[in-house]
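1. give the three-dimensional model of this entry:
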Amino acid sequence: MVEGPTLTRGLSADLDGEPCPPQLIRWLATLDNDLLSLLETIAEEGEGAWLVGGCVRDAWLGAPSTDIDLCTTCTPDRLLTLFGERAIPTGVDFGTVTIKGQNGHYEVTTLRTESLYRDGRRPDQVEWGTSLREDLSRRDFTFNSMAVDVARQLLYDPYNGISDLHTRTVRAVGDAVLRCEEDALRILRAYRFMRRDDGPLWTMEPMLHAAIIRHRNRLNMVAVERRWMELRKMLNASRPGEVLQRMQDDGVLRFVFTDLAVLNPTLFHLLDQPALDSLSLAQRLALLMCEHETKNAVSQLNALRTSRELQRSTASFHEQLGYLPEPRKGALRVFNHVLGSAAKHHLDVHRAMTEHSINLHTGLRTSLDEVEELTMLWKEIEPPTEPQACLVDGHWLMARTGTVQGMRLGRLKQWLHRIQIEENLKTLADMEAALSRLPYEHGEVDSWPRPAFP
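-> Here you go, the predicted structure:
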């Protein structure tokens, strides 16, 4: 039989606990020594400390949890003194101190009492407390309102979170209206927690659902960055489409995608297709907004305060989705060169789209036969491990063309580079033969091909 760690027993909680079930005992036996040392240090001071929230929920579900949070009766000032250089005052005004360990960091938050949430985001006033019962009563959902005393191996579950995990129900702690008024971000979190596994969506308890509909406008009070954080977590999880569909049906998604009209529900369906499960965050965003012009998609991401890199990669895949390469091996080699590993995702998305009515921003319409034929031809080409550099440089070109300089020389190099990729040229002799075929002394350079897609 697996036994949990043996630790000094700190201050007892002010509510009744029950022995941890077997899956939690097994989890306690795997806890890192850094964490056990942290708990021991607090207990030796005569204070109480409990593992709380998501890590307890995930441990019961048998899911990995990367974040382990603790709550304690120990005040922030005392934590900073106890742990010295290992302590980071990440949010001391609200009681949070981060403790550094050898294998990770742990957020430790002092139990507190709070006043009203006038701005819908944070309490007007915070005072330190000693009541675990009160702390758990202020949390969002029942399955996030559980705590574990590691030393005593006790589970505290005052709002029957275990029962809701059994029935796959998202239920607010106490008064659902009050929970949404306190922090409207809980509205988005409620939808995110509806997708916890590969089965059907979890059920949202009716009182919580009614409170969300009533208070969805309060999402405007939530910082854009926090709204994006929740959307990003949804999109990074498996099969987010059905969740987004529910949000749109409930009039909630428009408080996240504020700059776009209603999204095509078919796109939510496509997002959950197994063939598209490996799409990156940027590619999923591009797919969701593929019926809107690229500039509008970028504007929406900018409004969400996303990173420039995410905007760039989303815009690139978004624009490319509006096109298909020509069914020639040369064109497909260029397609591979430009998209790299995203080439497969591009074709997979188009294959999925052929079975549905999608109005791509470029107006492109394709058939399944067309995409299948293109994919078969694409599979005959050996994909490059990385983009191919041009075999020649400007000095090489000038030595062979004489008078070609400036922009014309640069565009000629791009033209030759494309031929190199299309024809899979490997030697300088091949490049010289290709150059001899090009009418580079005449014509407008803007019409010369480049190694680009589209």
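2. contacts, neighbours, all on C-alpha from now
-> Will do.
3. list the buried residues of stretch 18-26.
-> Going by neighbour count (16 or more other Cα atoms under 10 Å), the buried part of stretch 18-26 is 20, 24-26.
4. same check, this time on stretch 318-329
-> Going by neighbour count (16+ other Cα under 10 Å), the buried part of stretch 318-329 is 318-325, 327, 329.
5. one more: stretch 57-64?
-> 57-61.
6. and stretch 199-215, how far out from the chain middle?
-> Centre-to-centre, stretch 199-215 and its host chain are 22 Å apart (Cα atoms, centre = their mean, to the nearest Å).
7. let me see the mean pLDDT of it.
-> Here stretch 199-215 scores 97 as its mean pLDDT.
8. go on, stretch 149-164?
-> Per-residue scores along stretch 149-164 average to 97.
9. now that stretch, how far from the centre of its chain.
-> For stretch 149-164, the distance to the chain centre is 29 Å (Cα atoms, centre = their mean).
10. buried set for that stretch?
-> 149-159, 161-162, 164.
11. okay, now the closest residue to residue 188 other than its chain neighbours: neighbour count?
-> Spatial nearest neighbour of residue 188, excluding adjacent residues (Cα to Cα, 6 or more residues apart in numbering): residue 230 at 6.5 Å. By other Cα atoms under 10 Å, 18 other residues sit near residue 230.
12. neighbours of residue 137, how many?
-> Look at residue 137: counted by other Cα under 10 Å, it has 17 neighbours.
13. the closest residue in space to it that isn't next to it in sequence and residue 145, how far apart?
-> Excluding the flanking residues, the one nearest residue 137 by Cα to Cα, 6+ apart is residue 173, at 6.5 Å. Separation of residue 173 from residue 145 (Cα to Cα, to the nearest Å) stands at 8 Å.
14. now for those two: what residues contact both?
-> 137, 139, 159 (Cα atoms under 8 Å, 6 or more residues apart in numbering).
15. which residues touch the first one?
-> When contacts are counted by Cα under 8 Å, 6+ apart, residue 137 is found next to 145, 173-174.
16. name the surrounding residues that touch whichever strand or helix holds residue 163.
-> Assigned by DSSP states H and E, residue 163 belongs to helix 161-167. With contact meaning Cα under 8 Å, 6+ apart, helix 161-167 is reached by 61, 141-146, 170-171.
17. dump those to CSV, plus secondary structure and distance to residue 386.
-> Shown next, in CSV, are these (DSSP: H, G, I helix; E, B strand; the rest coil; distance: Cα to Cα, whole Å):
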residue, secondary structure, distance to residue 386
61, helix, 41
141, strand, 47
142, helix, 49
143, helix, 46
144, helix, 45
145, coil, 48
146, coil, 49
170, strand, 45
171, coil, 49
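18. of these, the lowest pLDDT goes to which?
-> residue 61 (92).
19. how close does the residue lying closest to residue 289 once chain neighbours are set aside get to residue 240?
-> Closest residue to residue 289 in three dimensions, ignoring its sequence neighbours and counting by Cα to Cα, 6+ apart: residue 297, at 6.1 Å. For residue 297, the distance to residue 240 equals 19 Å [Cα to Cα].
20. which of these two has more residues huddled nearby?
-> Applying other Cα under 10 Å to residue 297 and residue 240 shows that residue 297 carries more neighbours, namely 25 against 22.
21. for the host helix or strand of residue 234, list every residue counted as buried.
-> Using DSSP H and E, residue 234 maps to helix 224-236. Under the neighbour-count criterion of 16+ other Cα under 10 Å, helix 224-236 has 224, 227-228, 230-231, 234-235 buried.
22. tell me the first helix or strand C-terminal of the helix or strand of the chain with the lowest mean pLDDT.
-> Using mean pLDDT, DSSP states H and E, strand 112-114 stands out as the lowest-scoring helix or strand of the chain, at a mean of 77. Per DSSP H and E, the first helix or strand lying C-terminal to strand 112-114 is strand 126-128.
23. done for today, thanks.
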